[in-house]
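>>> no FASTA, just this:
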């Protein structure tokens, strides 16, 4: 699976989350962090994506 990008407009500008389904890593360029999926508290990538959508993020690239 290719990298997926989720975006949300905040008062500080665009917030973007990059997800690599192959390595199961989540990246937030704003904070210069890359963390493994397991550290998010979600066991499955689909759970994490649903959580992002509940927080108002929209997928912009698949």
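Ah, there it is. Predicted model only: the values in this text are computed from it and were never measured.
>>> Can you check the pLDDT for the residue positioned nearest the centre of the chain?
For the chain, the residue sitting closest to the mean C-alpha position, by Cα atoms, centre = their mean, is residue 17 at 3.7 Å. pLDDT recorded at residue 17 is 92.
>>> Need phi/psi at it.
Per-residue torsions, residue 17: phi -120, psi 130 (degrees, to the nearest 10).
>>> That one against residue 52, yeah?
Yes. Counting by Cβ atoms under 8 Å, residue 52 is a contact partner of residue 17 at 6.3 Å. C-beta coordinates here come from the backbone N, C-alpha and C atoms, glycine included.
>>> In contact with the residue nearest to the centre of the chain, which residues are there?
Contact analysis of residue 17 by Cβ atoms under 8 Å, 6 or more residues apart in numbering lists 5-7, 26-28, 52, 57.
>>> Quick one, which of those residues are buried?
Those of these that meet the buried threshold are 5-6, 26-27, 52, 57, by 16 or more other Cβ atoms under 10 Å.
>>> Can you tell me which of these end up in strands?
5-6, 26-27 (DSSP state E).
>>> For these, give me TSV that also has distance to residue 38 and pLDDT.
Formatted as TSV, those follow (distance: Cβ to Cβ, whole Å; pLDDT from 0 to 100):
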residue	distance to residue 38	pLDDT
5	21	93
6	19	94
26	10	93
27	15	92
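>>> Residue 26 and residue 47, how far apart?
12 Å (Cβ to Cβ, to the nearest Å).
>>> neighbours of residue 37, just the number please.
19 (other Cβ atoms under 10 Å).
>>> follow-up on the earlier one: the residue nearest to the centre of the chain pairs with what?
residue 6 (DSSP bridges).
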